[in-house]
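> for reference, the sequence and a predicted model appear below.
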Amino acid sequence: MTVPLSSSLSNLPKPLQLPIPSDVLELINAHLTNLQPEEILKWAIEYLPDLYQTTAFGLTGLVAIDMISKITSNPPPLIFLDTLYHFQETYKLVEEVKERYGQPVHVFKPEGCETVKDFEDKYGERLWETDEASYDYLVKVEPAQRAYETLGVKSVITGRRASQGGDRASLKPLEVDSTGLLKLNPLFQWNFAMVEWYISEYNVPRNKLLDQGYRSVGDWHSTVKVQEGQDERAGRWAGKEKSECGLHKDYFAMKAQAKKLLERNQSSPAPITSEA
Ligand SMILES: Nc1ncnc2c1ncn2[C@@H]1O[C@H](COP(=O)(O)OS(=O)(=O)O)[C@@H](OP(=O)(O)O)[C@H]1O
């Protein structure tokens, strides 16, 4: 792109051309930081090329879906990575959202697997315990990359917030990941209470598990309820160092980490039950 730093943002091409030079990205982020989420979303719909929303139908993503429905009648399609290990309540919520908002939901599962049995025949049972990094790669990282390549995605809206802490503490509104994908985080400045308020104020569909003490919901095997006063993400991988599923980490590093398992699996189709 040939836009010099001194140009006003209104001179940027629509859609933006990739790659975005780092000084222009900085300028965009300085601009977006002063906007409300609805305004960030409006800007994104105007400027971001081949825009989709990737969502696990967490509260933040649901807020974005609802806000977008009030901005445009042509919302970015949704991408849902079906790990095969979501709670039934999550699968029900996907159907509810489809019915209420109507945009297409592109579902991507682990490669070559339609069911848990398919996955466990290939990789063994409880892979998340025996080889966590490969599990993350197989159920989230690889399917996401496949989704982006298959659909021609260049930009995605995510439901991450800085108040979720960990790697997200210094989250910016717009990021470029290791593959060049643009990631927009429209609610990066909101906290859990604000998101909860929006969901109840506008009667947005939500995961029924939230009524049972869950706050952040991932796979059933790595999600537990949280106690009053505990951090919103305390129920994800409880008792472990881990705080991310790998989806927002460096794609190439995640792939390299999973390589050993993938190679071993290709040379021997027998189920893997423990990490050598
Ligand atoms: N399964 C799946 N499919 C599609 N997109 C997904 C998935 N898991 C995570 N995400 C994206 O990451 C956002 C944050 O999710 P989480 O806080 O649950 O954390 S984590 O990514 O699982 O570590 C999440 O925000 P929400 O839209 O609020 O769910 C999504 O943008």
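Looks like it arrived, so ask away.

> next up, the contacts around whichever residue of the stretch 1-150 of the chain sits closest to the ligand.
As assessed by Cβ to the nearest ligand atom, the ligand sits closest to G61 within the stretch 1-150 of the chain, at 1.9 Å. Every C-beta, even on glycine, is put in place using the N, C-alpha and C of the backbone. Contacts for G61 (Cβ atoms under 8 Å, 6 or more residues apart in numbering) come out as Q53, T55, I157, T158, G159.

> apart from its chain neighbours, what residue comes closest to the second one?
Spatial nearest neighbour of T55, chain neighbours left out: G61 (3.6 Å); criterion: Cβ to Cβ, 6 or more residues apart in numbering.

> any idea how far the one you found lies from I199?
Distance, G61 to I199, by Cβ to Cβ, to the nearest Å: 11 Å.

> ok, and what's touching stretch 206-225?
56-59, 62, 83, 85-87, 89-90, 92-93, 126, 128, 139, 164, 192, 199, 226, 232-238, 245.

> which ones among those are found in helices?
Counted as lying in helices by DSSP state H, out of those, are L59, L62, E89, T90, K92, L93, W128, F192, I199.

> for the last one, give me its contacts.
Right, I199. So I199 contacts L59, L62, V63, R206 (Cβ under 8 Å, 6+ apart).

> select only the buried ones of these in ChimeraX?
In ChimeraX, this line selects whichever of these come out buried by 16 or more other Cβ atoms under 10 Å:
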select :59,62,63,206
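
> turn the contacts of I199 into TSV, columns for distance to D23.
Shown next, in TSV, are the contacts of I199 (distance: Cβ to Cβ, whole Å):
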residue	distance to D23
L59	34
L62	34
V63	31
R206	40
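
> mind picking the two most distant members of the contacts of I199?
Across those, the longest distance by Cβ to Cβ is 10.0 Å; it joins V63 and R206.

> measure the residue of the stretch 101-250 of the chain at minimum distance from the ligand to K183 for me?
Nearest residue of the stretch 101-250 of the chain to the ligand (Cβ to the nearest ligand atom) works out as G159 at 2.3 Å. Going from G159 to K183 by Cβ to Cβ gives 11 Å.

> more neighbours, those two?
Just comparing G159 and K183: by other Cβ atoms under 10 Å the higher neighbour count belongs to G159, 22 against 19.

> doesn't that one lie inside a helix?
No: remark: G159 does not belong to a helix; assigned using DSSP: H, G, I helix; E, B strand; the rest coil, it is coil.
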